[in-house]
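K.L.:
What follows is a protein structure lacking sequence information:
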């Protein structure tokens, strides 16, 4: 059956969306494998901390995980330079200071994107 140029373009776009969707599902599975911690309560979503906080959507697309990845990198950079390095300076200066834990570090998830043969390599 022949197709018009527009129909063929729509078919290609549909295939591309399906490929991205399957890729995203693989990413979710890999994130879950990477971040698994038997002592934590079982959850059925991935919440990636970004500038605005945790985002939990009913549906996530490939574009959203890329946005969240970049936001996580920015958040990690901010935490490192605004909090961690500042606390280290307080210790060097001999100030009476109790270090603050800034929560779960999502470096293993970031590594999954950046490592050789990773998702964005």
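P.N.:
Arrived safely. Just so you know, these numbers come straight off a predicted model, no measurement behind them. Numbers count the residues shown, from 1 in each chain.

K.L.:
and the helix ranked longest in the chain, which residues are buried?
P.N.:
The single longest helix within the chain, with elements called by DSSP state H, is helix 5-35. Judged by neighbour count using 16 or more other Cβ atoms under 10 Å, the buried positions of helix 5-35 are 24, 27, 31. Bear in mind the C-beta positions are built from the backbone N, C-alpha and C, glycine included.

K.L.:
what separates the last one from residue 69, distance-wise?
P.N.:
Going from residue 31 to residue 69 by Cβ to Cβ, to the nearest Å gives 10 Å.

K.L.:
so after the helix or strand hosting residue 85, what's the next helix or strand?
P.N.:
Taking DSSP states H and E as the criterion, residue 85 maps to helix 85-92. The C-terminal neighbour of helix 85-92 among helices and strands, as given by DSSP H and E, is helix 107-114.

K.L.:
What helix or strand is the residue most central in space within the chain located in?
P.N.:
Central residue of the chain (Cα atoms, centre = their mean): residue 69, 3.9 Å from the mean position. For residue 69, the enclosing helix or strand under DSSP H and E is helix 62-79.

K.L.:
Only the buried residues of that helix, if you could.
P.N.:
Buried positions in helix 62-79, judged by neighbour count with 16+ other Cβ under 10 Å: 62, 65, 68, 69, 71, 72, 75, 76.

K.L.:
Compute the distance between the closest residue to the first one other than its chain neighbours and residue 63, please.
P.N.:
Spelled out, that is residue 62. Excluding the flanking residues, the one nearest residue 62 by Cβ to Cβ, 6 or more residues apart in numbering is residue 20, at 4.0 Å. With distances taken as Cβ to Cβ, residue 20 is found 8 Å from residue 63.
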